[in-house]
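In: Provided below are the primary sequence and the corresponding predicted coordinates.
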Amino acid sequence: MQSYSCETKHIHLDTVKEVQKNMIKDNQLEKVSQLFKIISDPTRIKMLYVLEKHELCVCDISVILNMTQSAISHQLKTLKDANLVKNRRDGKTIFYQLADEHVHLIFNQALTHINE
């Protein structure tokens with residue numbers, strides 16, 4: 001079994017101070033934590049996956065994921081509130097897509113990581 005403790009007590013003070021100086025801020029930590037909570041839901045992951053492939057309306061997403069439009073709308077609101085999804089109106093239809101290239105990158109990096 002691998003041990004995760006130091007064999008000798010020697011603090012690398014310069015390194016410790018450098019990391020402490022650049023430590024993530026509490027407000028950033030909370031935002032990252034919330035982001036991971038939101039994208040940890042399997043339904044929302046599916047929705048991000050289909051929206052990564054194509055801009056879609058609620059009706060399209062509900063057919064693809066075999067879910068009610070109400071359930072899709074509820075999850076889209078969560079994704080939109082987290083700035084992961086944006087929408088545009090075309091007449092009476094609202095189309096959804098990933099919010100920006102960062103969301104594409106996060107999603108694709110996660111897929112690449114799990115497929116290694």
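Out: Noted; the coordinates are in hand.
In: would you mind measuring from N27 to Q20?
Out: 17 Å (CB to CB, to the nearest Å). Backbone N, C-alpha and C define where each C-beta goes, glycine included.
In: so which residues of the protein form strands?
Out: Counting by DSSP state E, the chain has strands at residues 56-57, 85-90, 93-98.
In: now render the ones you listed as CSV, adding distance to H74 and mean neighbour count.
Out: Shown next, in CSV, are the strands of the chain (distance: least, CB to CB, whole Å; neighbours: other CB atoms under 10 Å):
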stretch, distance to H74, mean neighbour count
strand 56-57, 15, 17
strand 85-90, 13, 13
strand 93-98, 13, 16
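In: grab the most central residue of the protein for me.
Out: Central residue of the chain (CA atoms, centre = their mean): I39, 4.2 Å from the mean position.
In: Y49 is in contact with that residue, correct?
Out: No. The pair I39 / Y49 is not scored as a contact, 11.0 Å apart, by CB atoms under 8 Å.
In: returning to what we had before: which among the strands of the chain is found nearest to T15?
Out: The closest of the strands of the chain to T15 is strand 93-98. By CB to CB, the value is 37.5 Å.
In: between that closest one and strand 85-90, how many degrees?
Out: Interaxial angle of strand 93-98 relative to strand 85-90 (axes from the mean of the first three to the mean of the last three CA atoms, to 10 degrees): 150 degrees.
In: what are the pairing partners of strand 93-98, and which direction each?
Out: strand 56-57 (antiparallel), strand 85-90 (antiparallel) (DSSP bridges).
In: please produce a markdown table containing the ones you listed, extended by mean pLDDT and distance to L105.
Out: Listed next are the strands paired with strand 93-98 as a markdown table, based on pLDDT from 0 to 100; distance: least, CB to CB, whole Å:
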| stretch | mean pLDDT | distance to L105 |
| --- | --- | --- |
| strand 56-57 | 98 | 20 |
| strand 85-90 | 97 | 15 |
